[in-house]
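Trainee: Pasting the sequence and the predicted model now:
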Amino acid sequence: MNSTSTHQEFMNSITAKNIGETEFLQAVHEVSDTLLPFIEENPKYKHNKILERITEPERVIIFRVPWVDDSGIVQINRGYRIEMNSAIGPYKGGLRFHPTVNLSILKFLAFEQVFKNSLTTLPMGGGKGGSDFDPKGKSDQEVMRFCQSFMTELFRHISHLTDVPAGDIGVGGREIGYLFGQYKRLKNEFTGVLTGKGIEYGGSLIRPEATGYGNVYFAHEMLKTKNESFKDKIVLISGSGNVAQFAAEKVTELGGKVVTLSDSTGYIYDPEGIDREKLEYIMYLKNIKRGRIKEYADKYDVKYVDGKRPWLEKGDIALPCATQNEINEEEAKILVNNGCICVSEGANMPSTPEAINIFLNHKILFGPGKAANAGGVAVSGLEMTQNAIKMNWSREEVDAKLKTIMTDIHNTCIKYGKEADGFVNYLKGSNIGGFVKVADAMIAQGVV
Ligand code: NDP
C-alpha cells in the first residue's frame with residue numbers, strides 16, 4: 001500500500017472516532033501527512049502504534065463552571081482540560097478563554113503542544129484547556145469570580161508535578177493571578193502550578209515577551225539562511241494581544257517596519273510604521289483600556305479596514321499572531337504575489353492547509369507555529385525550573401536561553417526538513433523533530 005492510501009485509511013479511522021472535530025482532524029491530518037513516510041522508514045513506530053496512541057488524549061476533563069455576574073444572575077460556562085501526552089514530562093500548555101472554545105479546538109491545541117514542547121528540548125508533556133467564557137466586556141470582579149469557580153474544579157486535576165497550565169487567548173496576567181490565588185487557597189501550598197505568573201509571586205522575566213520575541217528570533221534564523229534580515233523590511237502582523245505586541249516590539253528593535261495590527265473586528269494599516277511610542281499606546285489600549293483596534297486608526301488618522309485581515313497589504317514578512325485559520329488560500333496567494341518572502345506563525349495553526357500548500361509550493365520561508373511560537377512554552381519551562389530551584393534569573397539570562405532554544409529548534413527543523421534541492425521544509429522538520437523524542441519515550445515506557 002502506498003503512503004497516500006495509508007494516510008487516507010488512518011484519517012478515516014481518526015475521523016470516525018472524533019466526529020465533527022474539524023480543527024483537531026485538520027491538525028492530525030497535517031502532522032500525519034508528513035509523519036507517515038518517516039514511520040514507514042522506521043517500523044518500530046509502526047509496530048508500537050505510536051501514531052494511533054499519540055492522537056488519543058491520555059485524559060479529557062470536562063466540567064461545569066457556575067458563577068454569578070455583577071447583576072446577580074447565575075451564569076454557566078463549560079471548562080476543559082485535555083491531558084494529551086505525558087511521555088516526556090508533566091502536561092504543559094495554556095488555558096484559552098474565548099466564546100469559540102470547544103473540545104475540537106482544545107484537542108488540536110493540545111496535540112500541537114506535544115510536538116512543540118518536545119522541540120524546546122525541555123521535559124514537558126502536552127496539554128491544553130480553557131472555557132467558552134468571554135472575558136471581553138466583563139468587569140474585573142466578574143473575571144475573578146469566574147476564575148475562582150474554574151479553579152475550584154480544575155485544582156484537583158493539576159499540580160506542579162503533573163499538569164502545569166499557562167495563558168493563551170483571553171488568559172493573561174490578570175487571569176493567571178486569580179487562578180493562582182484560588183489554587184493556593186484550596187491546596188494550601190505555594191508551588192509553580194501555573195506559569196505566566198506575576199513577577200512578584202514566582203513569574204519569570206521575559207515570559208510575557210517570550211512568544212512574540214521567540215517568533216521573531218525564529219524568523220530571523222530562517223531569514224539568515226537566505227542572507228536576509230528584518231532590517232528595512234515591511235512586516236504585516238495580525239492580532240494585537242500578547243504575542244502580536246511583543247513580536248512588533250522585537251521587529252522594530254531589529255530595524256523592521258510593522259505596518260499592520262488587527263483584532264477580531266478588523267485591521268489597521270499605518271504606512272509610517274508602528275514605532276515604540278505607538279506600540280505603547282497599543283499596549284495601553286489592549287491591556288488596560290481593553291478597547292478596539294479601530295481606536296488606533298482614529299487616534300493616528302490611518303486606514304482601518306473593518307471585517308478583514310491584514311494579508312491584503314503589501315509586506316516582505318508576515319507574522320500571523322491572532323488565531324487559527326486566519327490565512328486562507330486566497331490570502332496566501334495575495335501574500336506571495338505581493339512579494340512576501342517569509343511567514344512565521346506566532347499563532348497556533350493560523351494558516352489553512354491550502355495556504356500552507358501555497359507557501360510550500362512557492363518555496364518561501366514558512367515557519368509553522370509548533371516551531372516558531374515555541375518560545376512562550378520554552379520560557380514557561382524556564383519559569384518552572386526557577387520555581388523548582390527557588391531562584392530568579394535576570395532578563396538577560398532568560399532572553400539568552402530563549403534565543404538559544406529558538407536557534408536549536410531551527411537547527412532541528414533543518415536536520416529533519418532539508419530536502420534534496422536544499423529547500424528547508426520547516427513543516428516536515430518540526431513534525432518529525434518533535435515526534436522522535438516523544439515516540440522513543442513512549443516505546444521505552446511500554447504500552448501505557
Ligand atoms: P490574546 O488574547 O492576548 O490576543 C489574541 C489576539 O487575537 C487579539 O487581538 C484578538 O482580538 C485576536 N483574535 C482572537 N480570536 C480571534 C478571531 N477568532 N478572529 C480574529 N482575531 C482574533 O492572545 P495571545 O496573543 O496570547 O494568543 C494569540 C495566538 O498565539 C493564539 O493562537 C495562541 O494560541 C498563540 N500562542 C500564544 C502563546 C502565549 O504565550 N500567549 C504561546 C504560543 C502560541 P480580540 O481582542 O478582538 O478578540
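Mentor: Good, I have the coordinates.
Trainee: make it CA atoms for all contacts and neighbour counts henceforth
Mentor: OK.
Trainee: Point me to the residue of the stretch 51-200 of the chain nearest the ligand.
Mentor: residue 169 (3.4 Å; CA to the nearest ligand atom).
Trainee: ok, how many other residues are close to residue 120?
Mentor: 25 (other CA atoms under 10 Å).
Trainee: quick one: it from residue 433, how far?
Mentor: 10 Å (CA to CA, to the nearest Å).
Trainee: Same question for residue 28.
Mentor: 16 Å.
Trainee: In terms of packing, which of those two has more residues around it?
Mentor: Comparing residue 28 with residue 433 by other CA under 10 Å, the one with more neighbours is residue 433, at 25 against 21.
Trainee: what is the closest residue to the residue of the stretch 51-200 of the chain closest to the ligand other than its chain neighbours paired to in the beta sheet?
Mentor: Leaving aside its chain neighbours, residue 169 sits nearest to residue 96 (5.0 Å; criterion: CA to CA, 6 or more residues apart in numbering). In this entry, residue 96 is beta-bridged to residue 130, by DSSP bridges.
Trainee: ok so, going back, now do the contacts for the residue of the stretch 51-200 of the chain closest to the ligand.
Mentor: For residue 169, the contacting residues are 95-98, by CA atoms under 8 Å, 6 or more residues apart in numbering.
Trainee: what does the stretch 301-448 of the chain put close to the ligand?
Mentor: 321-324, 346-348, 373, 376 (CA under 6 Å from any ligand atom).
Trainee: Filter those down to just the ones in strands.
Mentor: Residues of those located in strands (DSSP state E): none.
Trainee: quick revisit: next, format the contacts of residue 169 as JSON lines and append neighbour count and pLDDT.
Mentor: Output for the contacts of residue 169, formatted as JSON lines (neighbours: other CA atoms under 10 Å; pLDDT from 0 to 100):
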{"residue": "95", "neighbour count": "24", "pLDDT": "98"}
{"residue": "96", "neighbour count": "27", "pLDDT": "98"}
{"residue": "97", "neighbour count": "23", "pLDDT": "98"}
{"residue": "98", "neighbour count": "18", "pLDDT": "98"}
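Trainee: Let me have these in a markdown table, extended by distance to the ligand.
Mentor: A markdown table is the format used below for the contacts of residue 169 (distance: CA to the nearest ligand atom, whole Å):
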| residue | distance to the ligand |
| --- | --- |
| 95 | 9 |
| 96 | 8 |
| 97 | 8 |
| 98 | 7 |
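Trainee: Closest one of the residues you listed to residue 105?
Mentor: Distance ranking of the contacts of residue 169 against residue 105, using CA to CA, places residue 96 first at 9.8 Å.
Trainee: shouldn't the closest one be in contact with residue 170?
Mentor: Yes - at 5.9 Å, residue 96 and residue 170 qualify as touching, with contact defined as CA atoms under 8 Å.
Trainee: Would you confirm that residue 214 contacts residue 372?
Mentor: Yes - assessed by CA under 8 Å, residue 214 is found in contact with residue 372 at 7.0 Å.
Trainee: ok, back up a step: contacts only, for the residue nearest to residue 169.
Mentor: Here residue 96 is in contact with 129-131, 167-171 (CA under 8 Å, 6+ apart).
Trainee: got TSV for those residues, with pLDDT too?
Mentor: Formatted as TSV, the contacts of residue 96 follow (pLDDT from 0 to 100):
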residue	pLDDT
129	98
130	98
131	99
167	97
168	97
169	97
170	97
171	98
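Trainee: looking at those residues, which has the most residues close by?
Mentor: Ranking the contacts of residue 96 using other CA under 10 Å puts residue 129 first, with 31 neighbours.
Trainee: how about residue 343, secondary structure?
Mentor: Put simply, residue 343 is strand when judged by DSSP: H, G, I helix; E, B strand; the rest coil.
Trainee: Run through the bridge partners of it.
Mentor: With DSSP bridges as the rule, residue 343 is bridged to residue 318, residue 366.
Trainee: quick one: it and residue 362 touch, right?
Mentor: No - counting by CA under 8 Å, residue 343 stays clear of residue 362, with 11.9 Å between them.
Trainee: okay, the two: which has more neighbours?
Mentor: residue 343 (27 against 13).
Trainee: ok, the more buried one - contacts?
Mentor: So residue 343 contacts 219, 317-320, 364-367 (CA under 8 Å, 6+ apart).
Trainee: looking at those, which has the most residues close by?
Mentor: residue 320 (32 neighbours).
Trainee: before we move on, back to that, shared neighbours of residue 120 and residue 433, anything?
Mentor: With CA under 8 Å, 6+ apart, residue 120 and residue 433 have no common neighbours.
Trainee: who's in contact with the spatially most central residue of the chain?
Mentor: Geometric centre of the chain, nearest residue: residue 348, 4.3 Å, by CA atoms, centre = their mean. By CA under 8 Å, 6+ apart, the residues touching residue 348 are 109, 323-324, 369-370, 373.
Trainee: next one: residue 443
Mentor: Contact partners of residue 443, counting by CA under 8 Å, 6+ apart, are residue 48.
Trainee: Is it correct that it falls within a helix?
Mentor: Yes - secondary structure of residue 443 (three-state DSSP): part of a helix.
Trainee: measure it to residue 82 for me?
Mentor: Counting by CA to CA - residue 443 and residue 82 are separated by 22 Å.
Trainee: And residue 312, by the same measure?
Mentor: 36 Å.
Trainee: Check residue 132 too.
Mentor: 15 Å.
Trainee: again, but for residue 222
Mentor: From residue 222 to residue 82 the distance is 32 Å (CA to CA).
Trainee: just to revisit the earlier point, compare residue 312 and residue 82 and say which is more crowded by neighbours.
Mentor: Remark: of residue 312 and residue 82, residue 82 carries more neighbours, 25 against 15, as counted by other CA under 10 Å.
Trainee: so which strand or helix has the nearest residue to that one once chain neighbours are set aside?
Mentor: Taking CA to CA, 6+ apart, and ignoring the residues beside it in sequence, residue 82 has residue 60 as its nearest neighbour in space, at 4.7 Å. Assigned by DSSP states H and E, residue 60 falls within strand 59-68.
Trainee: Please state the offset of that strand from the chain centre?
Mentor: Distance of strand 59-68 from the chain centroid (CA atoms, centre = their mean, to the nearest Å) equals 23 Å.
Trainee: other SSEs contacting that strand?
Mentor: If you count contacts as 3 or more CA pairs under 8 Å, 6 or more residues apart in numbering; DSSP states H and E, strand 59-68 packs onto strand 74-85, helix 140-154.
Trainee: and among those, the most buried is which?
Mentor: Most buried of these, by mean neighbour count (mean count of other CA atoms under 10 Å): strand 74-85, with a mean of 21.
Trainee: So what's the residue count around residue 352?
Mentor: 18.
Trainee: Can you give the domain ranges for this structure?
Mentor: 59-188, 210-372 (automatic domain parsing).
Trainee: Can I get those in JSON lines including distance to residue 427?
Mentor: Output for these, formatted as JSON lines (distance: least, CA to CA, whole Å):
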{"stretch": "domain 59-188", "distance to residue 427": "12"}
{"stretch": "domain 210-372", "distance to residue 427": "6"}
